[in-house]
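**Student:** Build me a model:
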Amino acid sequence: MKFREIVLLLLLSLGVILSIPLYGQTAQTAQTAENPALLPQRDGSHDFDFLIGDWKAHVRRLPDRLNNSNVWVEYDGISNHHKLLDSDANFEQFEVWSTDKKLHIKGQTLRLYNPTSRQWSIYLVDLDNGTLSLPPVVGSFTGNRGKFFDQEDIKGRAILVRYVWLNISPKSARMEQSFSPDGGKTWEVNWICELSR
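**Tutor:** Sure thing, here's the model as predicted:
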C-alpha cells in the first residue's frame, strides 16, 4: 500500500470512530425531544428568589366567584418576602387595604421546596388562628412562569385552583389565582396581585 492510501484509510477510520459518539448524541437528542420526561430534571430551588425583598402590592379581587360577576375590588399595600434560616423556603407577609379603606386583607404565605419531587408547595398561613391551608397548591416553574394547583371544596363543589406566578423583571412580578369548576377546561381569574418596587 502506498503512503497516501494508508493516510486516507487512517483518516476514513478516524472519521468513522469520531462519528459514533455524535450519532449517539443525535439519537439521544431525538429521544428527549419526543419524550421530555427523559430530560434531566432541573433544580428549581431558587425559582422564588426573584421575590425576596419588599414590594408594593396592587390587588384586584373578584369577591363574587363562579357567578359570572365582573365587579372587582381594588386594594393597595405591601408584600414582603424573606428566606427562612438560609434555606430555599421563604415566607411572605402581605397586607392591603381597599381604596376606600373599608376593606382590609392580611395574610402570610409559606413556600417550601421539595428537592425530591422538584416542586414547590405553597401554604396560606393564618397566624391569628394558628392554621395552614391544606392542601397546599403544588407546582413548579418553566422559565419565568410558575404554575401551581390544588383542589378545594368551594360552595359545596370540587373546584380546581390554579396560581400563576410571573417573574416579569427585577422591579415587577404578578400572581393570578383562578378557579375552574369543570376540571380545568375553563378558568375564572378572581385575584390579580401586581408587585412593584
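**Student:** Give me the distance between the nearest residue to Trp97 once chain neighbours are set aside and Asp64.
**Tutor:** In space, and not counting its chain neighbours, Trp97 is closest to His104: 5.2 Å by Cβ to Cβ, 6 or more residues apart in numbering. C-beta coordinates here come from the backbone N, C-alpha and C atoms, glycine included. Using Cβ to Cβ, to the nearest Å, His104 is found at 19 Å from Asp64.
**Student:** swap in Phe50?
**Tutor:** Using Cβ to Cβ, Phe50 is found at 32 Å from Asp64.
**Student:** do the same with Asp86
**Tutor:** Distance, Asp86 to Asp64, by Cβ to Cβ: 43 Å.
**Student:** and the two? which has more neighbours close in?
**Tutor:** Just comparing Asp86 and Asp64: by other Cβ atoms under 10 Å the higher neighbour count belongs to Asp64, 11 against 6.
**Student:** Isn't that one up against Val71?
**Tutor:** Yes. Counting by Cβ atoms under 8 Å, Asp64 does reach Val71; the two are 6.6 Å apart.
**Student:** Please enumerate the helices of this protein.
**Tutor:** All helices of the chain, identified by DSSP state H, fall at 3-34.
**Student:** mind showing which ranges of it have poor pLDDT?
**Tutor:** Along the chain, segments meeting pLDDT under 70 span 1-40.
**Student:** Let's see that with 80 instead.
**Tutor:** 1-41 (pLDDT under 80).
**Student:** Nearest the geometric middle of it, what residue?
**Tutor:** With distances taken as Cα atoms, centre = their mean, Gly146 lies nearest the centre of the chain, 1.8 Å away.
**Student:** Measure how far stretch 119-128 is from the centre of its chain, please.
**Tutor:** Centroid separation between stretch 119-128 and its chain, computed with Cα atoms, centre = their mean, to the nearest Å, is 15 Å.
**Student:** meant to ask about stretch 44-56, not that
**Tutor:** When distances are taken as Cα atoms, centre = their mean, stretch 44-56 is centred 11 Å away from the chain's centroid.
**Student:** First-to-last residue distance for it?
**Tutor:** End-to-end span of stretch 44-56 (Cα to Cα, to the nearest Å): 25 Å.
**Student:** Can you point out the buried residues in it?
**Tutor:** Within stretch 44-56, the residues that count as buried by 16 or more other Cβ atoms under 10 Å are 44, 47-48, 50-51, 55.
**Student:** can you check stretch 70-84 too?
**Tutor:** Neighbour counts over stretch 70-84 (16+ other Cβ under 10 Å) mark 75, 77, 79, 81 as buried.
**Student:** Appreciated, that's everything.
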